[in-house]
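In: what's the 3D shape of this:
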Amino acid sequence: MKIDNLTLAFSNKTVVKNINIEINSGEFIFLIWLSWSWKTSIIRSIIWDFKPISWDIILDNWDPLYKNLNDKLLSIYRRNIWVIFQDYKLMESKSVYENVAFAMEVCWYNDKYIQKKVPETLEQVKILSKKDKFVSELSGGEKQRVSIARALVHNPNIIIWDEPTWNLDPITAMEVMNIFVDLNKEWKTIIIATHDKNIVDKLKKRVVVFKDKEIVSDKENSTYEL
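Out: Numbering: from 1, shown residues only. Here you go, the predicted model:
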């Protein structure tokens, strides 16, 4: 996937300009920037939830996504990419199981498959023992795992997460990140927007740095350099 010439504006004011990033299948990438650099808007634009002034996504077969955009193509694309936002978007009054099952129900999976897939996925992220707990009863790290489970039930090729460790202690943060390291070993493409210097420095993955509306650095095996 290649993000080609992304430019975003609010009220005729350009906030991000001429962003070009090529992301290969199976990569693990950190995106880091100042808090006012419109990172969530960039993430939303990748799934066409926020319309940029100009850009395109060049797919793995080198076809431009949005120049050829139709409902069918966009639906297929969105099934292969999953974004976990900073506020989790979990339903506090429902159980862990119900939250993950609901993410499948709205995509019209049949009941039998849901009953099989949800426990398997909760076990994968090591939270099956909490399946009957209400989300409101969970710790921050446990809520993170539910969010990951809701992504994994769709088996996306690309997972994007906005600030996955922002409210976690260092030990829990590393436990959550290790889940993503394992997923990356299964050839999932992982894209994480973060201000967590500790995590970035420990994992030493590809790091893309944004500053003053543009990319100022893009390095492999790198550390936090903002």
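
In: Can you show me the helices along the chain?
Out: 39-46, 71-79, 96-105, 111-124, 140-152, 170-185, 197-203 (DSSP state H).

In: For Phe85, which of those helices is the nearest?
Out: For Phe85, the closest of those is helix 39-46, at 7.3 Å, according to CB to CB. In short, each C-beta sits where N, CA and C put it, glycine included.

In: From the chain's centroid, how far away is the closest one?
Out: In this view, helix 39-46 has its centroid 10 Å away from the chain centroid, taken as CA atoms, centre = their mean, to the nearest Å.

In: Let me know the distance separating Thr40 from Leu90.
Out: Taking CB to CB, to the nearest Å as the measure, Thr40 falls 18 Å from Leu90.

In: Have a look at the two and say which one is more surrounded.
Out: Counted by other CB atoms under 10 Å, Thr40 and Leu90 do not tie: Leu90 has more neighbours, with 20 against 16.

In: That one and Ser147 touch, don't they?
Out: Yes - look at Leu90 against Ser147 with CB atoms under 8 Å: they come within range, at 6.7 Å.

In: where does the chain have low pLDDT?
Out: Within the chain, the stretches with pLDDT under 70 are 35-37.

In: contacting residues around the residue nearest to Asp218 when sequence neighbours are not counted?
Out: Nearest residue to Asp218 in three dimensions, chain neighbours excluded: Val208, at 4.9 Å (CB to CB, 6 or more residues apart in numbering). By CB atoms under 8 Å, 6 or more residues apart in numbering, the contact list for Val208 reads Ile21, Ile29, Phe30, Leu31, Ile32, Ile215, Ser217, Asp218.

In: Of these, just say which sits nearest to Lys72.
Out: Closest approach between these and Lys72, by CB to CB: Ile21, at 25.7 Å.

In: Look up how far Thr121 lies from the residue nearest to the spatial centre of the chain.
Out: Closest to where the C-alpha atoms of the chain average out (CA atoms, centre = their mean) is Ile160, at 1.5 Å. Counting by CB to CB, the gap from Ile160 to Thr121 is 18 Å.
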